[in-house]
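Student: Sequence and predicted model, in that order:
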Amino acid sequence: MVADLKQNAYGKHVSNLGGLIAYDIGKHLHIPAFVVDPVVVDELEPVARISGLPELPRKSIFHALNQKAVARMAADEMQTKYENTNFIVVHMGFGITIGAHQKGSVIDVNNGLNGEGPFSTTRAGSLPVGDLMNWCLSKGYGINEISEQLFFRSGLRAYLDTDDIEIVETKIEHGDQYAKLIYEAMAYQISKEIGAVSVALCGQVDAIVLTGMLAHQKRLTSFISRRVEWIADTLVYPGEYVMPALAAGALRILKGEEIAKHYKRIREEQYGD
């Protein structure tokens, strides 16, 4: 795991540092270290991996830690267990991921890191492939320039010159109709993705759970709730619960409530046995 994290084997992300830091602390103190619900948790059903091009299978990369944390909170609120429920969980931050949680496993989810799904404050989300190809060729961009544009300079930032959601809200309150259109377009795309994910659960959805920093915005959550209320009731847990979720995950292992899984590398061809 340490080797894979150091070499960004499954993607370059700041969360890769977590496992390295935990391993280093645990090694020096001679205590166990655990990784809890990392971004590459992979519980996808086989059918969800098919993309349309064999060389590019769909990958499970999402806000697993916070998604599973709020799913457990929602289950507690409903006086049941996470493993007994079907939830659609929507994490809305700089990236937006929407997962189908079926009886404790995320069987389908958009890859928010690499651009699937709705656009966000800075990310472009899913785009028309042909137009994207022509755009890249016309700009003469390399991979770094393309990544910078699609992941950090798109979404609300590209349309409205800001990725500050409070500024966008203020524009709307002052009557800016264009800002209102773009803001609602983001909410519309999130709602569409919720509808798509409901198919993965065959429509058997106990609740739709909204979380992440954007879940603080009542205008946004209300717009989404109105669009998807025919699927299930909406529960809102604003912000992120990652630190308590890390502690809770380790405690479940130490208390014997769960059994720790062993890391299994699936890229042996790169590193040897």
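Tutor: Structure's in. What do you need?
Student: and Pro118, what is it in contact with?
Tutor: Pro118 makes contacts with 96, 98, 125-126, 186, 189-190, 192-193, as judged by C-beta atoms under 8 Å, 6 or more residues apart in numbering. To be clear about C-beta, it is placed using only N, CA and C from the backbone, and glycine gets the same treatment.
Student: Check the secondary structure at it for me.
Tutor: Three-state call for Pro118 (DSSP: H, G, I helix; E, B strand; the rest coil): coil.
Student: part of a strand, is Ile208?
Tutor: Yes: counting by three-state DSSP, Ile208 is part of a strand.
Student: Among the contacts of Pro118, which are located in helices?
Tutor: 186, 189-190, 192-193 (DSSP state H).
Student: Show the residue spans covered by the strands in the stretch 51-200 of the chain.
Tutor: Here the stretch 51-200 of the chain has its strands, by DSSP state E, counting those that start in this stretch, at 86-92, 96-102, 105-109.
Student: Strand partners (parallel or antiparallel) of the second one?
Tutor: What it means is strand 96-102. Sheet pairing of strand 96-102 (DSSP bridges) gives strand 86-92 (antiparallel), strand 105-109 (antiparallel).
Student: which residues in the stretch 151-273 of the chain form helices?
Tutor: Assigned by DSSP state H, counting those that start in this stretch, the stretch 151-273 of the chain shows helices spanning 155-160, 165-173, 177-200, 218-228, 242-254, 268-271.
Student: Ok, the stretch 1-150 of the chain next?
Tutor: Counting by DSSP H, counting those that start in this stretch, the helices of the stretch 1-150 of the chain are 2-6, 16-29, 64-77, 129-139, 143-152.
Student: which of those sits most buried?
Tutor: helix 64-77 (a mean of 22; mean count of other C-beta atoms under 10 Å).
Student: Just want the angle from it to helix 242-254.
Tutor: Counting by axes from the mean of the first three to the mean of the last three C-alpha atoms, to 10 degrees, helix 64-77 lies at 70 degrees to helix 242-254.
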